[in-house]
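Colleague: What follows is a protein structure lacking sequence information:
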C-alpha cells in the first residue's frame, strides 16, 4: 500500500484573503483529480509563517523536513525568502512547488532545479496595462498607491510598459501611512495634485478593502468619469468588486484569468470547484488547480517517489489549463499569459466585464526588466496581499 503523499504547506497571514490556503489546497487536489472531501492519498501539513518573512519561512521548512518528514514543500511565498530556502531544499533533495501573485518579476539571482512556481504573474498584466494605457490615453499618466503597494514591482512594471509604448512622463503619488490608523485612506493631497496638473489617466494600485475605499472616494470626487481610471488586476476580482458594484463604476484593468472565460478547460474547472466547494472560484483555487495538473502529469513517477524524474519532467513539460499553456520552471521561460484589457462597468449591483483589447507580456528575463531589479535592491518580504 502506497503511503499518502505528504505536502508541507507554508501559510502566511492574509487579512485580504483569509481562506486562500484552503482554496490553494482544494485546487491542488482537483488538479490531481481527487475529491477534496473524500480522499486519503494526499496529506497536507500546514505551517503558519506569520507575515511570510524569510526567518519564519525557513523555520517552517526545517520543521517540515526534519520533523514532519514531508515529501513536497509548497505554499505561498515571497521571492525574497527563496535564497534562504534553497540550501535546505537542495541538501535534502526536496521538491518545492510554491505559489505567488507575481508582485515581483522573477529575475532570480538564485535559481534551483528543485523549485517550481505557480504564479498569477500580475507584473505581466501590469506591463501590458501600462503599454495599452499610453496608446489609448496618451502621455502624462498618474500612478497612485499606498506605501505597501509601492514596495513591490507593480508600479515599476506598469511604468516600464508605458515606456515601451513611448511614454516619457509619468506621475507618481504615494499615499503616506497614518501611524495612528494604518487603515485610514486620506486622498486630499492626491486630489489636490491631479486638480493642479490633470493627468491623461489615473492608475490606482491598491489591495483589499483599501482598494474599495479608494473607489468610493473616487466616485464622490469631481474626477469621476472625467479622468479615465485604470486599476490593478486584483481590484477587479469578482469577490472584491461585489462590495462596490453599486457605485456605477467605469474602470479599466488587465487580467490573465476570469472565471467567466468561455474556453472548455476553464468552464470545467470553475464548475468543478464551485460545485464541490460551494464557493466562488478564485485566483488561488486556479493557481492550486494548475499545480495539481502539473503534478498529475508526472503521477507515475510521483507514485514511486522517483524525485529526480519528477523534477526533470517538471523542468521540461507544460500543461494546458484554464488559462492556456502553463509551465512552472523559470529557466524554461514561463509561458507568456494571454492578457485581456477589460472595461468594467457596474450598475445596480451587477458587474459587466468587456474585453476591449489584448495586451502583450514579456519574458521575465527580458533586458527591459533588468533595470527594475538593478534599482530595486530592497522591498517588502511578505507575499503580496499578505497584510
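Modeller: Yep, it's here. Keep in mind that what you see is a predicted model, and the values were worked out from it rather than measured.
Colleague: Number of residues surrounding residue 374?
Modeller: 9 (other Cβ atoms under 10 Å). Quick note: C-beta positions are derived from backbone N, CA and C, even for glycine.
Colleague: List of residues touching the helix or strand in which it is found?
Modeller: Of the helices and strands defined by DSSP states H and E, residue 374 is found in helix 367-375. For helix 367-375, the external contacting residues (Cβ atoms under 8 Å, 6 or more residues apart in numbering) are 105, 107, 153, 156, 157, 160, 164, 362.
Colleague: who wins for neighbours among the residues you listed?
Modeller: Within those, most neighbours by other Cβ under 10 Å means residue 157, with 29 neighbours.
Colleague: for the record, mean pLDDT for the helix or strand in which that residue is found?
Modeller: Assessed by DSSP H and E, residue 157 sits inside helix 154-164. Mean pLDDT, computed over helix 154-164, is 95.
Colleague: and what of stretch 319-326?
Modeller: The average pLDDT within stretch 319-326 is 92.
Colleague: is the closest residue to residue 197 other than its chain neighbours in a bridge, and if so with what?
Modeller: Residue nearest to residue 197 in three dimensions, not counting chain neighbours: residue 171, with 7.4 Å by Cβ to Cβ, 6 or more residues apart in numbering. Judged by DSSP bridges, the bridge partners of residue 171 are residue 142.
Colleague: If you tally nearby residues, what's the number for residue 171?
Modeller: 16.
Colleague: Thought residue 145 was touching it, still the case?
Modeller: No: in this structure, residue 171 is not within contact of residue 145 by Cβ atoms under 8 Å, at 11.8 Å.
Colleague: and the most centrally placed residue in the chain, what does it touch?
Modeller: Centroid-nearest residue in the chain, with Cα atoms, centre = their mean: residue 101, separated by 1.9 Å. Residue 101 sits next to 119, 120, 122, 234, 283, 383, 384, 385 when contact means Cβ under 8 Å, 6+ apart.
Colleague: Quick check: the fifth one vs residue 57, distance?
Modeller: For residue 283, the distance to residue 57 (Cβ to Cβ, to the nearest Å) stands at 21 Å.
Colleague: next one: the fourth one
Modeller: To residue 57, residue 234 is 22 Å away according to Cβ to Cβ.
Colleague: between those two, which one's more packed in?
Modeller: residue 57 (29 against 26).
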